[in-house]
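Asker: I would like the atomic coordinates for the input below:
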Amino acid sequence: MPSTHLSLHYHVVFSTKNREPRLAPTARKRVHEYIGGIIRSMNGTAHAVGGTGDHIHIAAGLRATHCLADVMREIKSESSRWIHEELRQAGFTWQEGYGAFTFAAPDLESVRSYVLNQEEHHRVKTFQEEYKAMLQRGMVEYDERYLW
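Answerer: Coordinates of the predicted model:
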């Protein structure tokens, strides 16, 4: 084949340090937009960024040249720096780990809707319930002692 064609879509989830609700409702939209900008600056596609006061969901398309760990390091470090400087939240930090799950292009609209409607979603399901369900659906083995 003379050229390469890819469809690499990720649903990523990560939380604030100790899952503290550090992202005020008035600041969330700005944080989500900034994270989308980081992804675009890396030549990725930010399909959707959403979340609540204590965690973020991202639906993104990445290139073959992207290393997910490098993308996540850039998103977390740049957004944390911006939150310190722009939102003046001294001591803000993200939790060290993250969850990342691939999804097929035909599922993009349902994943986008899920990411953008986190506030509504968490009225009936906790973050812990949500994340465990994602791990199980993704067939990811885990030890509950190390989840939180």
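Asker: buried sites along the least confident helix or strand in the chain by mean pLDDT?
Answerer: The helix or strand of the chain with the poorest confidence is helix 118-121; it has a mean of 90 (mean pLDDT, DSSP states H and E). Neighbour counts using 16 or more other C-beta atoms under 10 Å place Q118, H121 of helix 118-121 among the buried residues. Bear in mind the C-beta positions are built from the backbone N, C-alpha and C, glycine included.
Asker: I'd like the next helix or strand past it.
Answerer: Using DSSP states H and E, the helix or strand that directly follows helix 118-121 along the chain is helix 127-137.
Asker: who's in contact with that following helix?
Answerer: For helix 127-137, contacts defined as C-beta atoms under 8 Å, 6 or more residues apart in numbering pick out 11, 13, 15, 19, 52, 54-55, 99, 101, 121-122, 142, 147-148.
Asker: give me the distance from that helix to the chain's centre.
Answerer: 14 Å (C-alpha atoms, centre = their mean, to the nearest Å).
Asker: who are the packing partners of the lengthiest helix in the chain?
Answerer: Ranked by residue count under DSSP state H, the longest helix found in the chain is helix 68-86. Packed against helix 68-86 by the contact rule (3 or more C-beta pairs under 8 Å, 6 or more residues apart in numbering; DSSP states H and E) you find strand 9-15, helix 25-41.
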